[in-house]
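Asks: Would you be able to build a 3D model of this:
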Amino acid sequence: MTAHLKPSAAAARLPAGLDLLRDPLLNKGTAFSDAERDALGLRGLLPPAVISPEQQVARVLDNLRRLPTDLDKFISLNALHDRNETLFFRVLMDYPDEMMPLIYTPTVGLACQRFAHIFQRPRGIWVSAADRGRVAAVLRNWPTREVKIMVVTDGERILGLGDLGANGMGIPVGKLSLYTACAGIHPATTLPVMLDVGTNNAAFLQDPLYIGLKQPRLRGAEYDALVDEFISAAQEVFPGVVIQFEDFANLNAFRVLHRWRDRVCCFNDDIQGTASVALAGLYSALRVTGGKLAEQRLLFFGAGEAATGICELLVAAMIGEGLPQAEARQRCWLVDSRGLVVKSRADLGEHKRPYAHEHAQVPDFLSAVKALKPTAIVGVAAVGKSFARDVLEDVARVNERPIVFALSNPTSQAECTAQEAYLWTGGRALFACGSPFEPVTIDGKTHVPRQGNNSYIFPGVGLGLIASGARRATDEMFLAAARALAERVTQEDLEQGSLYPPLAQVRDVSARIAAAVAEVAFARGLASVPRPKDPLAFVKSKMYEATYRGYV
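Replies: All right, here's what the predicted structure looks like:
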């Protein structure tokens, strides 16, 4: 692809006429100048008026805001992405608060459920179980070898919606849009990947419009063989590419990550990214309560990737504060579908066992709250309304400023709303959410909740890994990312109840996270480029800006 060549080189290799207008990386639509139209065979293929980029943005917004539903807006933005990437990213970068909920959570959940029915144009690479033995050849069909980062899913655990099979491709596409919008990773160097191993979703298997393999999911050795072949092929075709695993189910997520994390530069955002953004929120909350992380007792509703990933990073942070590992783990408690995770239970998966403590069996979350009196409750089970009134009132009885993180998404799966969290704690909750909520006024005070959204973390982590040429992604990097994010929260943010900075600052936040991640890579000998004098300036110099280039 030519989109990120210098203008003079690009001009010499540009397609012309309709081919140029059909290339979303190069197309400028009505913004092509008169000189460009004459030089590139565009005269007559466009309306005669030359429209400025600012006018194009205004037209997009005018049309978008007239649409009746968020799904309609998602489809419209997706169509824009398919025809003019620069304009698409300009709109995202200029209006992040309005656009990010449309291209990612919560709207992307509904879009994935309807993906086969709203499908317009293929994007990314589709690797299926039928491609065993030829995955490298499939990847070579991608038109460039300049891919620096890919997001791959097998569609089994899409958000809190479960097995969406090939329809889950909306997630890698959305994630990589955020990599570009939030951290300036050039869109030509990103690649969404759907690893289609079948689906156990009966409705999709019976849907004549379903776009994936109509077969039950691969399991066991066959599944592992395909994943291994894919990761090896990705490194062969795109040497050094960063791989982000996304929305794999628990039975595969931990195993795949542990198998590959010390061999290639990869991470699982549901495990490590969620942990980092949650830890950053806790650091912010503790600036209000005045306590130390090592003094907290945290109770998680959920015991899967997100919960145990957060626990692992919390333990690492507590160890950094001087707490022994065993004591740090004692600060983290899990509740799953069978109740409190305790040592006497015989049904525990490997990832839960470090957090199975000596305690009497407790049947549900409310009982666990009463028994343990946690300073913070964290919801990551994707069970809507699980932080009921009695739960929140009980937490508020034993904490002056209870920490309440309802991190599941989409909105239908949120453990509680912002309104419920503030109302049922007398306006005292330190609240973070996984889906966006409007400000809430309680007793004359307005609280402004902000999302504990992974989009604060993974774009900057990815930028830092790419900029430093990191050979591995480590937990220390995610600790550094959490600290860098928490540092961007101002006193004014905290006074209005915001534990994260505004999304309008996300590019600056991502740059600082990238610099912190790169610093770890340089310090630990994991970088493949020399350490620059100014890491922050270095990563900023790598960031893509969504501006048109002159072609003549």
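Asks: mind checking the longest strand of this structure?
Replies: strand 190-196 (DSSP state E).
Asks: Check what contacts the helix or strand following that strand and list those residues.
Replies: Per DSSP states H and E, the first helix or strand lying C-terminal to strand 190-196 is helix 202-205. Here helix 202-205 makes contact (CB atoms under 8 Å, 6 or more residues apart in numbering) with 116, 164-165, 167, 199, 210, 212, 214. (Each C-beta comes from the backbone N, C-alpha and C, glycine too.)
Asks: can you give me how far helix 202-205 is from the chain middle?
Replies: 27 Å (CA atoms, centre = their mean, to the nearest Å).
Asks: where are the low-confidence patches of the stretch 151-300 of the chain?
Replies: Across the stretch 151-300 of the chain, nothing is flagged by pLDDT under 70.
Asks: which residues in it form helices?
Replies: 170-183, 202-205, 220-237, 250-260, 274-289 (DSSP state H, counting those that start in this stretch).
Asks: For Val362, find the nearest of those.
Replies: helix 250-260 (21.7 Å; CB to CB).
Asks: Can you give the contact residues for the closest one?
Replies: Counting by CB under 8 Å, 6+ apart, 154, 156-157, 223-224, 227-228, 231, 243, 245, 248, 266-268, 270-271, 304-305, 349-351 sit against helix 250-260.
Asks: are any of those buried, and which?
Replies: Burial by neighbour count, 16 or more other CB atoms under 10 Å: within these this picks out 154, 156-157, 223, 227, 231, 243, 245, 248, 266-268, 270-271, 304-305, 351.
Asks: Let's see which of these end up in strands.
Replies: 243, 245, 266-268.
Asks: now, the most widely separated pair of these?
Replies: Ile243 and Asn268 (9.7 Å).
Asks: which residues do the two both contact?
Replies: Joint contacts of Ile243 and Asn268 (CB under 8 Å, 6+ apart) do not exist.
Asks: Which of the helices of the stretch 151-300 of the chain has the highest mean neighbour count?
Replies: helix 170-183 (a mean of 26; mean count of other CB atoms under 10 Å).
Asks: what's the angle between that helix and strand 190-196?
Replies: 160 degrees (axes from the mean of the first three to the mean of the last three CA atoms, to 10 degrees).
Asks: Can you tell me which of the contacts of helix 202-205 is nearest Thr547?
Replies: Asn167 (33.7 Å).
Asks: tell me the contacts of the closest one?
Replies: Asn167 makes contact with 112-116, 155, 158, 204, 210-212, according to CB under 8 Å, 6+ apart.
Asks: Quick check: Leu279 vs Lys373, distance?
Replies: 22 Å (CB to CB, to the nearest Å).
Asks: give me the number of residues near Leu77?
Replies: 21 (other CB atoms under 10 Å).
Asks: In contact with it, which residues?
Replies: Applying CB under 8 Å, 6+ apart, the residues near Leu77 are 64, 88, 91, 99, 102-103.
Asks: Repeat that for Leu430.
Replies: 285, 288-289, 401-404, 497, 499.
Asks: can you map out the helices along the stretch 351-500 of the chain?
Replies: Using DSSP H, counting those that start in this stretch, helices in the stretch 351-500 of the chain cover 365-372, 389-398, 418-423, 458-468, 475-487, 491-495.
Asks: which element is Ala326 on?
Replies: Going by DSSP H and E, Ala326 is part of helix 325-330.
Asks: contacting residues for Asn454?
Replies: Counting by CB under 8 Å, 6+ apart, Asn454 has contacts 269, 273-274, 277.
Asks: what two of those residues have the greatest distance between them?
Replies: Counting by CB to CB, the most remote pair of those is Asp269 and Val277, 9.7 Å apart.
Asks: Spit out the residues that contact those two alike.
Replies: 454, 457.
Asks: one step back: could you tell me the angle between the longest strand of the chain and helix 458-468?
Replies: 120 degrees.
Asks: gap between strand 190-196 and the chain center?
Replies: That offset, for strand 190-196, works out to 15 Å (CA atoms, centre = their mean).
Asks: Doesn't Gly109 belong to a helix?
Replies: Yes: with DSSP: H, G, I helix; E, B strand; the rest coil as the criterion, Gly109 is part of a helix.
Asks: Check the burial of it by counting its neighbours.
Replies: 23.
Asks: doesn't Ile171 make contact with it?
Replies: No: assessed by CB atoms under 8 Å, Gly109 is found out of contact with Ile171, at 9.1 Å.
Asks: Name the residues contacting each of these two.
Replies: With CB under 8 Å, 6+ apart, Gly109 and Ile171 have common neighbours 158-159.
Asks: returning to that earlier point: which neighbouring elements make contact with the longest strand of the chain?
Replies: strand 125-128, strand 149-153, helix 170-183, helix 220-237 (3 or more CB pairs under 8 Å, 6 or more residues apart in numbering; DSSP states H and E).
Asks: Save those as CSV, and put in distance to Val378 too.
Replies: Output for those, formatted as CSV (distance: least, CB to CB, whole Å):
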stretch, distance to Val378
strand 125-128, 34
strand 149-153, 24
helix 170-183, 22
helix 220-237, 29
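Asks: so which of these gets nearest Asp72?
Replies: Taking those one by one with CB to CB, helix 170-183 is closest: 15.1 Å.
Asks: Output the contacting helices and strands for the closest one.
Replies: The contact analysis (3+ CB pairs under 8 Å, 6+ apart) places helix 170-183 against helix 85-94, helix 96-103, helix 107-113, strand 149-153, strand 190-196, helix 458-468, helix 506-523.
Asks: Could you say which of those is packed most deeply?
Replies: The most buried one of the helices and strands packed on helix 170-183 (mean count of other CB under 10 Å) is helix 458-468, showing a mean of 29.
Asks: pull the CA atoms of that one into CSV?
Replies: C-alpha atoms of helix 458-468 as CSV (Å, rounded to 0.1, in the frame of the first residue of the first chain):
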residue,chain,number,x,y,z
PHE,A,458,-4.5,-1.1,24.7
PRO,A,459,-3.9,1.6,22.0
GLY,A,460,-1.0,3.1,24.0
VAL,A,461,0.4,-0.3,24.8
GLY,A,462,0.3,-1.3,21.2
LEU,A,463,2.0,2.0,20.1
GLY,A,464,4.7,1.5,22.7
LEU,A,465,5.4,-2.1,21.6
ILE,A,466,5.6,-1.1,17.9
ALA,A,467,7.7,2.0,18.5
SER,A,468,10.3,0.1,20.6
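Asks: Could you tell me the angle between that helix and helix 274-289?
Replies: Using the same axes, to 10 degrees: helix 458-468 against helix 274-289 is 120 degrees.
Asks: Check whether Glu236 really touches Ala137, as I assumed.
Replies: No: between Glu236 and Ala137 there is no contact under CB under 8 Å: 10.7 Å.
Asks: Find the nearest non-adjacent residue to Gly165, please.
Replies: Thr199 (3.0 Å; CB to CB, 6 or more residues apart in numbering).
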